[in-house]
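> Take this sequence and fold it.
(one chain, ligands or ions: 3)
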Amino acid sequence: MTLLIRNGRVIDPASMQDSVADILIQDGKIADIRPQMQEPEDRQAVQIDAQGCYVMPGFIDLHVHLRDPGFEYKETVATGAAAAARGGFTTIVAMPNTKPAADNADVISYVHNKAKNMTKINVLQAGAITHKMAGEQLSDIEDMVRAGSPAVSEDGKSVMNANLMHKAMKIAKRLDIPVLSHCEEKTLLNGGVVNEDENAVRNGLPGISNLVENMIAVRDVMLAGDTGAKLHLCHCSTKESVEIVKLARERGVRISAEVCPHHFTLSSDDMITGDTNFKMNPPLRTKEDVEALRQGLKDDILDVIATDHAPHSKDDKNDSMLRAPFGIIGLETAAALTHTELVLGGYLTPMQMAQKMSFHPARVLGIDKGSLQPGKTADIVIFDPEKTYEIDASRSASKSRNTPFHGRRVTGAVRVTIAGGEIVYQAEKY
Ligand code: DOR
Ligand code: ZN
Ligand code: ZN
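Ligands and ions are numbered 1, 2, ... in the order given. I've put the predicted structure just below:
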């Protein structure tokens, strides 16, 4: 199949190109890229007019919960991948907190095989650091990597035993894979469900302090420095995390760090009392934290935007703030929120958006993606930066609807998503 994307604003972080050009796609690969290309020889070629749109490498999400196996009523590989395609993502990394946990090569292969049959986008399953994610015994990381796992993580919690985490990092270093770290010092949690601040007090809810995140971020930086492992901090939410990443990088630690759209868009002041769609872990922090995250992204201290797409059913979320599970969906709103809040907000250039949503995550994983150079696999997103609309959760391709962004006005819409040279999503009326 031949595809020709015409007249788009091509934004390629691999070459730092930002100019209007056409892109020719043949046999799943980018064949050519230059202005005003001639009509393709292939008469059946599909042409897409991308005038006024950004054409970027397909987005790569380092942080997704697909809930498969075990919680298929919340999400499956198929529905999660469909939501990803709608959001402009062509590669996603699934977290291992499934049932059973993805702590061995069989579960890794199960997800990979299912994905191959269900979707054209790339689904990569991260392996759990410990057996059953119980924090007591290391899983066979080498075997999982042999099965295609690109990273390890214990997301949903931290490996509280520093000695085990140290050992895991030594193995990760040897295998040259990143450790995706959810930073949460359990002994400081005290049953917290929202950020520890005056909003928590007003609502009579136990709070989660910044310290809960900061303590483990510092610990893992120390462990990464000692072992030489590649450390990636998941969902940074505190102003101190930004400082920790900055300092670590200055000291030569191999570190990357992600921010989720909800953490750079909303503060705890925006929470609607009792609405569990505002409950996630880490929690929405203060305005000061939000501003520090935005600045950290602007200054390229924080280099990745990831969703922490965490689907939960209506029944699961239809509970008290104390008891409902943490988490919100995010695959379909990430690009629009990034564009509205950060690009139009004056924090990021469109190039930085492409870096943080594609090129940098590819670099973290060490995969040959995030680039629009000829010869590369044609994973591409066409994004309309001018379309303004209200987010409508009812139209989500996810099985779940748990988002605090329903009804929010945003500017920027994914028009077409192409994975491996095939159109995997196309917006209506386009
Ligand atoms: O909000 C969250 N939801 N944070 C996590 O760390 C886990 C995730 C989930 O699995 O639901
Ligand atoms: Zn997490
Ligand atoms: Zn997560």
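> Could you double-check that Ile301 lies in contact with Ala248?
No - Ile301 is beyond contact range of Ala248, at 9.9 Å (criterion: Cβ atoms under 8 Å). Yep, even glycine has a C-beta here, placed from its N, CA and C like the rest.
> Isn't Gln51 up against Gly8?
Yes - using Cβ under 8 Å, Gln51 is in contact with Gly8, at 7.2 Å.
> Out of the two, name the residue with the larger neighbour count.
Neighbours were counted for Gln51 and for Gly8 using other Cβ atoms under 10 Å; Gly8 has more, 24 against 11.
> Name the nearest residue to the more buried one, sequence neighbours excluded.
Take Gly8 and drop its neighbours on the chain: the residue closest to it by Cβ to Cβ, 6 or more residues apart in numbering is Ala50, 3.1 Å away.
> Could you confirm Tyr83 falls within a strand?
Quick fix: residue 83 reads Ala, not Tyr. No - counting by DSSP: H, G, I helix; E, B strand; the rest coil, Ala83 falls outside a strand, being helix.
> Quick check: the gap between it and ligand 1.
15 Å (Cβ to the nearest ligand atom, to the nearest Å).
> What's the local residue count around that residue?
So Ala83, with other Cβ under 10 Å, has 27 neighbours.
> how far away is it from Val221?
Applying Cβ to Cβ, to the nearest Å, the value for Ala83 to Val221 is 33 Å.
> I figured Val253 was touching His232, is that so?
No - counting by Cβ under 8 Å, Val253 stays clear of His232, with 11.5 Å between them.
> who's in contact with Thr187?
By Cβ atoms under 8 Å, 6 or more residues apart in numbering, the contact list for Thr187 reads Met160.
> Just to be sure, it is in a helix?
Yes - under three-state DSSP, Thr187 falls within a helix.
> The residue most central in space within the chain and ligand 1, how far apart?
Nearest to the geometric centre of the chain sits Ala306, at 2.4 Å (Cα atoms, centre = their mean). Ala306 is 12 Å from ligand 1, where distance means Cβ to the nearest ligand atom.
> How about the residue of the stretch 201-350 of the chain found nearest ligand 1: what's its closest non-neighbour residue?
Closest residue of the stretch 201-350 of the chain to ligand 1, Cβ to the nearest ligand atom: Gly327 (3.0 Å). Leaving out its chain neighbours, the residue that sits closest to Gly327 by Cβ to Cβ, 6+ apart is Ala310, at 2.8 Å.
> wait, isn't Lys399 in contact with His312?
No - contact criterion Cβ under 8 Å: Lys399 and His312 do not qualify, at 9.8 Å.
> okay, these two: which has more neighbours?
The neighbour comparison of Lys399 against His312 (other Cβ under 10 Å) goes to His312, with 28 against 21.
> can you pull the contacts of that one?
So His312 contacts Lys74, Ala324, Pro325, Gly327, Ser400, Asn402 (Cβ under 8 Å, 6+ apart).
> just to revisit the earlier point, quick check: phi and psi on the residue of the stretch 201-350 of the chain closest to ligand 1?
Per-residue torsions, Gly327: phi 130, psi 150 (degrees, to the nearest 10).
> go on, Arg408?
phi -80, psi 140.
> picking that back up, looking at Val253 and His232, which one has more neighbours?
Using other Cβ under 10 Å, the more surrounded residue of Val253 and His232 is His232, with 26 against 21.
> Pro282 reaches Leu233, doesn't it?
No - the criterion here is Cβ under 8 Å, and Pro282 misses it with Leu233 at 11.0 Å.
> Please name the residues that touch the residue in the stretch 101-250 of the chain positioned nearest to ligand 2.
Residue of the stretch 101-250 of the chain nearest ligand 2, by Cβ to the ion: His182 (3.5 Å). The contact partners of His182, by Cβ under 8 Å, 6+ apart, come to Ser153, Glu154, Asp155, Gly156, Lys157, Ser158, Cys234, His235.
> Excluding sequence neighbours, find me the nearest residue to Ile367.
Pro150 (7.0 Å).
> Against ligand 1, how distant is the one you found?
If you measure Pro150 against ligand 1 using Cβ to the nearest ligand atom, the figure is 19 Å.
> Could I get the pLDDT score of that residue?
Confidence at Pro150, expressed as pLDDT, is 98.
> Look at it and give its secondary structure.
coil.
> Tell me who's in contact with it.
Contacts of Pro150 by Cβ under 8 Å, 6+ apart are Val93, Leu124, Ala126, Ile177, Pro178, Leu365, Gly366, Ile367.
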